[in-house]
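Participant: Okay, sequence plus prediction incoming.
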Amino acid sequence: MPLSACAGFTAGLSETTARLDAFLERSLSAPRCVHSRAVADLCGRLCLRFGCDPAVGYFTGLGHDAAREMPEEKLLAEARASGCPLDEYEEKNPVLLHAPVAAVILRRDFGVCDGEVLEAVRRHTLGCPDLRLLGKILFVADYCEPNRKFIDRRFRSVCFSLPLDGMLVYILDNEKARGHEIAPITRAMYDKLVKEKAGKSGEG
Ligand SMILES: [Fe+2]
Ligand SMILES: [Fe+2]
């Protein structure tokens with residue numbers, strides 16, 4: 001369960017969530033606020049389903065795009081200043097740096113010290129092969145929240161019928177079918193998930 005090592009933050013979570021919501025109101029456009037709250041709702045519900053704290057899931061979903069409307073030069077400067085290692089693909093596509101910079105904002109300005117929450121936010125755009133439970137849940141919630149127009153009811157109903165890893169594979173297959181470029185780190189996550197699935201279906 002995320003935040004176990006971060007009891008102070010967990011105790012004040014509803015207050016921190018309200019403060020984060022007010023920050024988003026000031027920093028993001030209205031449609032991005034709507035998206036962020038919808039991701040938060042879905043992330044919380046998926047956390048319930050997969051055995052994580054829904055309040056932590058809500059907070060993580062709410063904060064994932066906190067830096068989404070920051071200019072690219074500022075994203076690059078903030079990401080480099082943070083000292084966090086950057087993916088080559090992200091440096092070539094600076095808009096993707098809103099993920100690591102959002103993690104910086106959550107840690108620096110909202111006192112988030114839980115590694116799984118920070119990792120989920122940091123990896124929400126491209127994923128990574130070692131993504132943990134909350135990161136996988138956020139990845140699915142960001143793609144499937146109800147305001148997304150590039151997927152329909154049928155897609156959601158198939159996706160939500162799958163186990164969590166299957167949801168990720170289903171989403172990435174859809175991205176490939178839409179002709180979108182898949183980043184190397186995302187490809188590595190996909191290959192690992194497919195390999196693990198093949199290993200499981202070959203068991204017993
Ligand atoms: Fe994002
Ligand atoms: Fe998003």
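Facilitator: The structure has been received and is ready for your questions. Just so it is clear, the model here is predicted, and its values are computed rather than measured. Ligands and ions are numbered 1, 2, ... in the order given.
Participant: can you list the residues of this structure near ligand 2?
Facilitator: Counting by C-beta under 5 Å from the ion, the chain comes close to ligand 2 at 65, 142. Where you see a C-beta, it was placed from the backbone N, CA and C, and this is true even at glycine.
Participant: In the chain, what helix or strand scores lowest on average pLDDT?
Facilitator: Taking mean pLDDT, DSSP states H and E as the measure, the helices and strands of the chain show their lowest mean at helix 7-11, namely a mean of 67.
Participant: In contact with the residue nearest the centre of the chain, which residues?
Facilitator: In the chain, the centroid-proximal residue (C-alpha atoms, centre = their mean) is H124; its distance is 3.2 Å. With contact set as C-beta atoms under 8 Å, 6 or more residues apart in numbering, H124 has these partners: 64, 99, 102, 135, 138-139, 142.
Participant: mind listing which of those residues are in helices?
Facilitator: Those of the contacts of H124 mapping onto helices are 99, 102, 135, 138-139, 142, per DSSP state H.
Participant: Spatially, which two of the residues you listed are the most separated?
Facilitator: A102 and F139 (14.0 Å; C-beta to C-beta).
Participant: quick one, which of those two is more surrounded?
Facilitator: F139 (27 against 24; other C-beta atoms under 10 Å).
Participant: Provide the backbone phi and psi angles at the residue lying closest to that one once chain neighbours are set aside.
Facilitator: Nearest residue to F139, sequence neighbours excluded (C-beta to C-beta, 6 or more residues apart in numbering): G127, at 5.6 Å. For G127, the backbone dihedrals (degrees, to the nearest 10) come out as phi 70, psi -170.
Participant: ok, now the one 3 residues further on?
Facilitator: Dihedral pair for D130: phi -100, psi 20, per degrees, to the nearest 10.
Participant: Can you list the neighbours in contact with stretch 187-196?
Facilitator: Contacts of stretch 187-196 (C-beta under 8 Å, 6+ apart): 127-129, 131, 165, 168-169, 172, 182.
Participant: how about the helices of this protein, start to end?
Facilitator: Assigned by DSSP H, the chain shows helices spanning 7-11, 13-27, 30-50, 54-63, 72-82, 88-92, 98-110, 115-122, 133-144, 153-160, 164-177, 184-201.
Participant: least reliable of the ones you listed going by mean pLDDT?
Facilitator: Mean pLDDT is lowest for helix 7-11 among these, at a mean of 67.
Participant: ok, residues contacting stretch 153-167?
Facilitator: Under the contact criterion C-beta under 8 Å, 6+ apart, stretch 153-167 has outside partners 50, 133, 136-137, 140, 144, 151, 170-171, 174, 193, 196-197.
Participant: how does it look with 10 Å?
Facilitator: Residues outside stretch 153-167 that contact it (C-beta atoms under 10 Å, 6 or more residues apart in numbering): 42, 45-46, 49-50, 131, 133, 136-137, 139-141, 143-146, 148, 151, 168-171, 174, 189, 192-194, 196-197, 200.
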